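S.K.: Kindly generate the corresponding structure for this input.
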Amino acid sequence: MTNPTNPEPTLAATPSTGYSNQQEENRRVIAAYRYRNAGEHWDAIADFVRATVVQLAYLPTRVVRSYLTSLSKLALWAYLHGMPLQDPADILTPSVLFRFDKEELSKHTPAARRNERTRLRNLIGRIGDDDPTYPRKPPQRDIRPSLWYYSPDEQVAFVSSTNTRNTERQRNNMRVFLGLGFGAGLTAKEINDARVGDITQIAGHTVVRVHGKHPRTVPVRADWAGLLIRGLGNRDPDDVAIDGYRESRKADSLAYYLHRDAPNEPHPHASGMRATWIIEHLMRGLRPDVLAGLAGVSVDGLVAYMPRMPDYDLDDYLDQIVGGDA
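M.R.: Predicted structure coming up:
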């Protein structure tokens with residue numbers, strides 16, 4: 001199933017040289033298309049829009065329709081600003097898109113703006129003038145805000161907040177939530193699915209047996225193990241580790257209900273606790289391949305957490321870099 005937020009599915013950039021009933025149908029769609037918001041100006045931009053999009057008649061009909069709408073918006077804006085509409089390269093350029101985005105798309109919701117911009121960028125890449133010399137910001141990796149490193153002071157505040165819950169059950173649930181997140185780096189779904197019997201002792205250490213898509217055994221950090229064990233109490237091994245609050249298809253609902261118990265208290269995201277656990281292990285020098293195995297990700301998957309690591313002073317690592325005998 002195609003992601004509805006993706007304005008265009010992944011398709012080969014090279015058009016098919018064959019001819020199909022779909023292309024014939026798309027040509028009829030293009031010929032009959034009219035952008036209602038253009039009003040009396042439609043006749044001035046219609047030929048340009050149709051002649052441009054017909055080059056993409058080999059694409060699925062729904063994609064063709066989306067291109068018709070996006071290009072019509074750009075063409076109408078360009079026409080009202082006195083720009084020529086003789087050739088696709090007249091307006092399908094990065095510089096024009098940059099101006100259109102600032103002046104017009106900025107009025108849209110963030111999601112609509114992003115989708116329109118993506119479609120127009122695709123048009124530029126397919127049939128426009130994708131000028132490689134046009135200045136633009138260097139690409140940046142999109143890091144989710146929730147992949148945040150919680151400072152030691154924030155972690156202390158989270159632990160202190162466990163005592164503000166109204167009942168012992170609520171307090172224990174929060175203790176387990178923090179213990180599995182900060183102590184073992186589990187994902188929201190893994191925390192949601194964990195059972196009391198999955199937390200056990202091996203060689204004097206507390207460990208969590210993780211089931212599901214990435215089964216593994218994760219030793220719990222000693223500074224969080226006590227809080228986790230206290231939260232579990234003496235319940236049956238088959239009980240879920242965090243009592244109640246279950247929506248099997250929405251693991252994040254667990255954190256929502258825990259937060260609802262004390263809405264005025266600081267509350268961490270599961271992904272933020274996991275990020276902190278990963279970052280702190282990296283700062284301690286744990287081998288990336290070992291950490292990746294414990295986290296249930298590839299070594300490449302750890303790269304997403306690197307921008308969240310605190311600043312460092314190179315002098316602190318000189319001995320490690322040059323070696324003890326240097």
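S.K.: Can you dump the C-alpha atoms of the biggest strand by length in the chain in PDB for me?
M.R.: In the chain, assigned by DSSP state E, the strand with the most residues is strand 205-210. Output of strand 205-210 as PDB, limited to C-alpha atoms (Å, rounded to 0.1, in the frame of the first residue of the first chain):
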ATOM      1  CA  HIS A 205      23.000  -8.800  36.400                       C
ATOM      2  CA  THR A 206      19.500  -7.800  35.600                       C
ATOM      3  CA  VAL A 207      18.600  -8.500  32.000                       C
ATOM      4  CA  VAL A 208      15.600  -8.100  29.700                       C
ATOM      5  CA  ARG A 209      14.600 -10.800  27.200                       C
ATOM      6  CA  VAL A 210      13.100  -9.000  24.200                       C
END
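S.K.: centre of the chain versus it, how much separation?
M.R.: 28 Å (CA atoms, centre = their mean, to the nearest Å).
S.K.: Next: stretch 310-326.
M.R.: Using CA atoms, centre = their mean, the mean C-alpha position of stretch 310-326 is found 34 Å from that of the whole chain.
S.K.: One more: stretch 279-296?
M.R.: Worked out by CA atoms, centre = their mean, stretch 279-296 lies 21 Å from the chain centre.
S.K.: measure it end to end?
M.R.: Using CA to CA, to the nearest Å, the end-to-end distance of stretch 279-296 comes to 15 Å.
S.K.: what does stretch 305-323 give?
M.R.: Start-to-end, stretch 305-323 (CA to CA) is 27 Å.
S.K.: E104 contacts W77, doesn't it?
M.R.: Yes. E104 is in contact with W77 according to CB atoms under 8 Å; the separation is 5.4 Å. The way it works is simple: take the backbone N, C-alpha and C, and place the C-beta from them, glycine included.
S.K.: Next, show the common contact partners of the two.
M.R.: Counting by CB atoms under 8 Å, 6 or more residues apart in numbering, E104 and W77 have no common neighbour.
S.K.: now R308, nearest residue through space, not along the chain?
M.R.: If the residues on either side of it in the chain are set aside, R308 comes closest to Y149, at 4.8 Å by CB to CB, 6 or more residues apart in numbering.
S.K.: Toward the C-terminus, what is the element adjacent to the top helix by length along the chain?
M.R.: Taking DSSP state H as the criterion, the chain has its longest helix at helix 61-80. Downstream of helix 61-80, the first helix or strand assigned by DSSP states H and E is helix 94-103.
S.K.: Tell me which residues of that following helix come out buried.
M.R.: 94, 96-97, 99-101 (16 or more other CB atoms under 10 Å).
S.K.: and the longest helix of the chain, what other elements does it pack with?
M.R.: Helix 61-80 is packed against helix 21-32, helix 42-53, helix 94-103, helix 110-127, with contacts defined by 3 or more CB pairs under 8 Å, 6 or more residues apart in numbering; DSSP states H and E.
S.K.: the inter-axis angle of the third one versus helix 61-80?
M.R.: Meaning helix 94-103. 80 degrees (axes from the mean of the first three to the mean of the last three CA atoms, to 10 degrees).
S.K.: ditto for the second one
M.R.: Helix 42-53 and helix 61-80 meet at an angle of 130 degrees, taking the same axes, to 10 degrees as the criterion.
S.K.: so how far is stretch 159-169 from its chain's centroid?
M.R.: 31 Å.
S.K.: need the contact list for V208.
M.R.: V208 neighbours (CB under 8 Å, 6+ apart): 180, 184, 186, 194, 198-199, 217-218, 220.
S.K.: contacting residues for P268?
M.R.: P268 sits in contact with 150, 154, 158, 178, 181-182, where contact means CB under 8 Å, 6+ apart.
S.K.: part of a helix, is it?
M.R.: No. Counting by DSSP: H, G, I helix; E, B strand; the rest coil, P268 falls outside a helix, being coil.
S.K.: what's the spacing between it and D198?
M.R.: Distance of P268 to D198, computed by CB to CB, to the nearest Å: 21 Å.
S.K.: With distance to Q320 as extra columns, can I get the helices and strands packed on helix 61-80 in CSV?
M.R.: Output for the helices and strands packed on helix 61-80, formatted as CSV (distance: least, CB to CB, whole Å):
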stretch, distance to Q320
helix 21-32, 61
helix 42-53, 58
helix 94-103, 45
helix 110-127, 43
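S.K.: And the lowest-mean-pLDDT helix or strand in the chain, what's buried?
M.R.: When the helices and strands of the chain are scored by mean pLDDT, DSSP states H and E, helix 253-261 comes last with a mean of 76. For helix 253-261, burial by neighbour count (16+ other CB under 10 Å) applies to 254-255, 258-259, 261.
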